[in-house]
Structures are given as structure tokens and as C-alpha cells.
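Peer 1: I need the structure of the sequence given here:
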Amino acid sequence: MSSSSVPTPRGAVTIRQTTADDAPRLRALRVEALSSSPTSFGSDLSDVDAHDWVEVATGDADNAVFVAEHAGQLIGMTGAYRSTRPKEAHHADLWGVYVQPAWRRNGLAQTLVNRAVDPARDAGVAIVKLTVVPESGARACYERCGFTVTGVDPAAIYWDGRYYDELLMHRWVQPNDRVRV
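Peer 2: Numbering: from 1, shown residues only. Below is the predicted model of the structure:
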């Protein structure tokens, strides 16, 4: 499993795929993300324990999680999920992009996103998709990573008495010959 290092003003950060040993820290980081940015994710805290975090951290060719780590602490994460259904196996969905506030604006989210996209592309995925709440501020990061907005899912999230739209975004990672409608 390869890793890369990203220099930051606070020290080098390692970007790597997770292992089973990361499960407790990965779960804790996910809880932090959902607690601190509830409108940035479709999941909420009630979803956390619906997952076997050793299984999530271990991943496979179709479901991988990547983390940013500094001094033994997980400070950022993202995952990529590829459907195993034959008519959907050509695309992967990016999920759970999160970087702790103290580590933002160092290019870590962009590095995590690209680190998750690369193995999906190498595995034959043609297109990577994601959703983002415009208010989250993550859209600019995704655009720097080559994603473009394809539409809006109105009122995709309801939180604390308010509806939030989600932007649908995608990035082609393989040449395509799609049928346009």
C-alpha cells in the first residue's frame, strides 16, 4: 500500500489507504466530521454504528478509504465506493471528505480526493461522482480536482428545521463514448 507525504506549515502529512488498525480512529474522525459539519454529509451520527469499521477501514478494490495522518493522528479522510451492480460498475462515488479545521487550506482535501480517484480510475472506473452542499465551501476544492456541476438535488438534506440542496458533481477519469440525451 503506497503512501505520499504532503508538506504543510505544521509539518509533513502522510496520505494513505486505511488498514484494520485504523478502525477506531477512523470511526472517531467520522463522528467528529458528522458532529462538526452536519449539513456537509447525508449521513448522521445514527449511521455511524451501522458500519463495521474494521471492514470499512480494510476496504477492497471497490471500496477504499484514505486518510491524512500527522504524528499518529488522523486529521482527514475520504472514501470511494464503486457499485458492484453490472450497469453501475463504471462509476464510483466519493464520500466523506473531511479535514479537521486546523489543517484546512493546506491542500489536504484536494490531495485526499485525488488519492481516492486515482485507484478507481486504475480499476477501470470511467466517472467519479459526488454531492456537495453549496454552503459547505468544498465546491471550490472539487472544482480544482476537475469535478464539474451537473445538476442540483433540491432539498436533499433536512437538518435543524432547514432544507439544503446538494450539487451533483462528476469527473470523467476515462475517455467516454456516452450516449447524450
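
Peer 1: and L112, what is it in contact with?
Peer 2: 15, 66-68, 76-78, 97, 99 (Cβ atoms under 8 Å, 6 or more residues apart in numbering). Any C-beta I mention is one placed from the backbone N, CA and C, and that applies to glycine too.

Peer 1: ok, so of the residues you listed, who is nearest Y163?
Peer 2: Closest to Y163 out of the contacts of L112 is V97 (21.8 Å), distances taken as Cβ to Cβ.

Peer 1: What ranges in this protein fall below the confidence cut-off?
Peer 2: 1, 177-181 (pLDDT under 70).

Peer 1: What are the boundaries of the helices in it?
Peer 2: For the chain, the helices defined by DSSP state H occupy 23-36, 45-48, 53-58, 108-122, 139-144.

Peer 1: Give the buried residues for the longest one.
Peer 2: Of the residues in helix 108-122, those buried by neighbour count under the rule 16 or more other Cβ atoms under 10 Å are 108-117, 119-121.

Peer 1: Also stretch 44-58?
Peer 2: Neighbour-count burial for stretch 44-58 [16+ other Cβ under 10 Å]: 53-54, 56-58.

Peer 1: T39: which of these is nearest?
Peer 2: Nearest to T39 among the buried residues of stretch 44-58, with distances taken as Cβ to Cβ, is V56, at 22.4 Å.

Peer 1: now the closest one: how far from D22?
Peer 2: 9 Å (Cβ to Cβ, to the nearest Å).

Peer 1: export the helices of the chain to CSV and tack on distance to T84?
Peer 2: CSV is the format used below for those (distance: least, Cβ to Cβ, whole Å):
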stretch, distance to T84
helix 23-36, 22
helix 45-48, 21
helix 53-58, 15
helix 108-122, 14
helix 139-144, 25
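
Peer 1: Which among the ones you listed is found nearest to P154?
Peer 2: Among these, helix 139-144 sits nearest to P154 (Cβ to Cβ), with 16.5 Å.

Peer 1: Nearest residue to S83 in space, please, no chain neighbours.
Peer 2: A89 (5.8 Å; Cβ to Cβ, 6 or more residues apart in numbering).

Peer 1: State the phi and psi torsions of the one you found.
Peer 2: When read as degrees, to the nearest 10, the backbone of A89 gives phi -70, psi -10.

Peer 1: ok, so what distance separates it from C145?
Peer 2: Distance from A89 to C145, by Cβ to Cβ: 22 Å.

Peer 1: what about the two, which has more around it?
Peer 2: Between A89 and C145, C145 has the larger neighbour count (other Cβ atoms under 10 Å), namely 21 against 15.

Peer 1: Excluding chain neighbours, give the residue nearest to that one in space.
Peer 2: V113 is the one closest to C145 (Cβ to Cβ, 6+ apart), at 4.7 Å.
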